[in-house]
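K.L.:
pasting the sequence and the predicted model now:
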Amino acid sequence: MCAVAGSKPAVPAKPKKRTIMESRKRALTSRVREIIIKNLFAFLAFISVLLLGLIVLFLFREGLPIFKQISVSQFLFGSAWYPTYNPPEYGIWPLIVGSVIVTVLSCLIAVPFGLLAAVYISEIAPARIKEILKSIIELLAGLPSVVLGFFGMVILAPWMQETFDLPTGLNIVNASVMLAVMAIPTISSISEDALYAVPREYKEASYALGATKYETIAKVAIPAALSGISTAVILGMARAIGETMVVLMVAGGSAAIPRGLFDSVRPMPASIAAEMGEAPFQSGHYHALFATGIVLFFITLAFNLVADHISNRFKEEGSGTL
Amino acid sequence: MIIQTKNVDFFYGAFRALTDVTLDFKKNRVTALIGPSGCGKSTLLRLLNRMNDLIDGTRVEGEILFEGQNIYAPNADPVEIRQRIGMVFQKPNPFPKSIFNNITYAPKLAGIRDRGEIEALVEESLKRAVLWDEVKDILTKSAMTLSGGQQQRLCIARALAMKPDVILMDEPTSALDPISTAKIEELIDTLKKHYTIIIVTHNMQQAARISEYTGFFYMGKLIEFNVTEKIFTNPDAKQTEDYITGRFG
């Protein structure tokens, strides 16, 4: 045996060496490929961040010059928005109020609906209904906002005008309802993910302690998912405050501080979209609209930071202090 | 006799997990259920407080009597049954709430509102679970800050606060270190004066140490049920002997 083993190696040695060389070569090419792929991804990621940075830079370059004409507080808290008058007035307070009021009202509508839909889908519905409902909500999320705006304009507005005997159906309530329809899918699907992620062990513990299904949902599932649900609500609000087409079409467009829920308003995005086409290039009006964009940018940024903060904080503490 | 199972068959969909299990659990005794993985011992345990109701597509045949009443009768209320038969799980699963609120979860559901009564109950439950001295100063802290062994004793205290008659334990020490395991075993020993304990365990030494009766399961069947000493020294069935001497499983 030994002699045979000793005499043999000379023959198979050659192919062995070749395979080692081959595998080395293969390792080399796969390493090169790894490096190329890594750099490609880094490049693409860098490009998108760069583009975003350039957009922000542009926004500031075009918006900041307005503050040579008026002060920041005059701009933010001035109650008259008459950009085309002579002399023009650039107070965006009515626009901020318009944005905030439709956002808050739409959330008051969308949060209960979105949350209850999420609870039903994740905890109560049988498997088949669950699948159907989930796809309907996804469909709702994919609905173009111009379609919703159109619906609000030709169906909801005339109906409201007649039923409540209003001067116009294009008002805060109409815009809030339409924005709520847009925010519900966001709130519902993120909340549902959060509820789904609640460990099964918690629910089992609750049932084993003699809790009913509804007690388990209210006292264990929802509290444990609270961070995700808060994130969902804030992202839903961010979606509503930044939405342009719906508020442009159904909020009525009056740039005055509203006195009641059936008054028309002119939220910031609607103002920018409606007026940008008419504002002369590099005029005060043009800069004021960009500055409105900056305000909007900071509001949505704040919403996102808050959402991020909430989800991180709860993650670290394991939602410990609920 | 506090719980009796009579000719119980159990199905997960088409899969038959238990076949013809007839077994009596004696009051204020520790009964251990042993057997290899997948033998149906945990399934049987979860049948005793209707936890398997929560899994879709399951079916029970036969009768399970708790104090003479069939808990699978159409008019039996699973919530009421679970209030009388507490459960402790394999992995410690305290709620992400404070220690205090973990204990008060069940009593509050049962409608106890009086602050003094609740505080007394928390103290009593934690003392019974031999956890009081370790946590009495940190009752408002999150239960998640406790160690694994403390969490498991908290789960036992949480079940005790419900004032159950029976406590089911599904491999309660399999996720714990030896010292915590020893503490839980001591605890079981003191609890059996007041409660009927049914414990599923993978650890045969544990079954031998803490239980008075032992049931050996294999492939969904109850092979042998007897006094623990008899099972571990002179079992009737060949399969039981093979299992406890480590020839399979």
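P.N.:
Perfect, I can see it now.
K.L.:
ok, for the residue nearest the centre of chain B, nearest residue in space, not its chain neighbours?
P.N.:
Nearest to the mean C-alpha position of chain B, by CA atoms, centre = their mean, lies B:Leu168 at 1.6 Å. Sequence neighbours aside, B:Met87 is the residue nearest to B:Leu168 in space, at 4.5 Å (criterion: CB to CB, 6 or more residues apart in numbering or on different chains). Yep, even glycine has a C-beta here, placed from its N, CA and C like the rest.
K.L.:
do B:Gly57 as well
P.N.:
Per CB to CB, 6+ apart, closest to B:Gly57 is B:Gly13, 4.8 Å.
K.L.:
surely the one you found is in contact with B:Ile55?
P.N.:
No - at 9.9 Å, B:Gly13 does not count as touching B:Ile55 under the criterion of CB atoms under 8 Å.
K.L.:
need the phi and psi values for the nearest residue in space to B:Lys221 that is not next to it in sequence.
P.N.:
Excluding its sequence neighbours, the residue lying closest to B:Lys221 (CB to CB, 6+ apart) is B:Thr19, at 5.1 Å. Torsion angles at B:Thr19 (phi, psi; degrees, to the nearest 10) stand at phi -130, psi 120.
K.L.:
got the contact list for B:Thr19?
P.N.:
Counting by CB atoms under 8 Å, 6 or more residues apart in numbering or on different chains, B:Thr19 touches B:9, B:220-221.
K.L.:
now do 10 Å
P.N.:
B:7-10, B:40, B:219-222 (CB atoms under 10 Å, 6 or more residues apart in numbering or on different chains).
K.L.:
and the two most separated of the residues you listed?
P.N.:
Within those, B:Asn7 and B:Met219 form the most distant pair, 17.0 Å apart (CB to CB).
K.L.:
follow-up on the earlier one: contacts only, for the residue nearest to B:Gly57.
P.N.:
Residues in contact with B:Gly13 (CB under 10 Å, 6+ apart) are B:55-59.
K.L.:
ranking the residues you listed by neighbours, who comes first?
P.N.:
Of all those, B:Thr58 has the most neighbours under the rule other CB atoms under 10 Å in any protein chain shown, reaching 17 neighbours.
K.L.:
for it, report the pLDDT, please.
P.N.:
With respect to pLDDT, B:Thr58 scores 92.
K.L.:
what are the phi and psi values at it?
P.N.:
The phi/psi pair for B:Thr58 (degrees, to the nearest 10) is phi -110, psi 160.
K.L.:
again, but for B:Ser98
P.N.:
Dihedral angles phi and psi of B:Ser98 (degrees, to the nearest 10) take the values phi -70, psi 160.
K.L.:
now it: closest residue in space, sequence neighbours ignored.
P.N.:
What sits nearest to B:Ser98 in space, not counting adjacent residues and going by CB to CB, 6+ apart, is B:Thr140, at 5.0 Å.
K.L.:
closest to chain A out of the contacts of B:Gly13?
P.N.:
Minimum distance to chain A across the contacts of B:Gly13 is 7.7 Å, recorded for B:Asp56 (CB to the nearest CB).
K.L.:
what residue ranges in chain A score low on pLDDT?
P.N.:
Residue ranges of chain A with pLDDT under 70: A:1-18, A:313-322.
K.L.:
looking at the contacts of B:Thr19, which are in strands?
P.N.:
Judged by DSSP state E, the subset of the contacts of B:Thr19 located in strands is B:7-10, B:221-222.
K.L.:
about what we covered before: just give me the closest of the contacts of B:Gly13 to B:Pro92.
P.N.:
Using CB to CB, the contacts of B:Gly13 come closest to B:Pro92 at B:Ile55, 21.6 Å.
K.L.:
list the residues that contact that closest one.
P.N.:
B:12-13, B:43, B:46.
K.L.:
pull the contacting residues for A:Ala208.
P.N.:
By CB under 10 Å, 6+ apart, the neighbours of A:Ala208 are B:46, B:49-51, B:54, B:82-83, B:85-89, B:93, B:106, B:155, B:158-159, B:162, B:164, B:168, B:170.
K.L.:
picking up where we left off before, now the contacts of B:Gly13 as JSON lines including secondary structure?
P.N.:
Listed next are these as JSON lines, based on DSSP: H, G, I helix; E, B strand; the rest coil:
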{"residue": "B:Ile55", "secondary structure": "coil"}
{"residue": "B:Asp56", "secondary structure": "coil"}
{"residue": "B:Gly57", "secondary structure": "coil"}
{"residue": "B:Thr58", "secondary structure": "strand"}
{"residue": "B:Arg59", "secondary structure": "strand"}
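K.L.:
could you find the closest non-adjacent residue to whichever residue of the stretch 1-150 of chain A sits closest to chain B?
P.N.:
Here the residue of the stretch 1-150 of chain A nearest chain B is A:Ala127; by CB to the nearest CB that distance is 7.7 Å. Leaving aside its sequence neighbours, A:Ala127 sits nearest to B:Asp56 (CB to CB, 6+ apart; 7.7 Å).
K.L.:
ramachandran angles for the one you found?
P.N.:
phi -70, psi 150.
K.L.:
thought A:Pro126 was touching it, still the case?
P.N.:
Yes - between B:Asp56 and A:Pro126 there is a contact at 8.6 Å, judged by CB atoms under 10 Å.
K.L.:
pull out the buried residues from stretch B:109-122.
P.N.:
B:109, B:118, B:121-122 (16 or more other CB atoms under 10 Å in any protein chain shown).
K.L.:
which among these gets closest to chain A?
P.N.:
The closest of the buried residues of stretch B:109-122, once distances to chain A are taken by CB to the nearest CB, is B:Leu109, at 5.5 Å.
K.L.:
run through who's touching the helix or strand hosting B:Ala182.
P.N.:
Following DSSP states H and E, one finds B:Ala182 within helix B:178-191. The contact list for helix B:178-191, computed with CB under 10 Å, 6+ apart, reads B:28, B:30, B:88, B:92, B:128-131, B:147-153, B:156-157, B:160, B:167, B:169, B:172-176, B:195, B:197, B:199, B:203, B:206, B:209-211.
K.L.:
buried stuff in that helix?
P.N.:
Going by 16+ other CB under 10 Å, helix B:178-191 has these buried residues: B:180-181, B:183-185, B:187-188, B:191.
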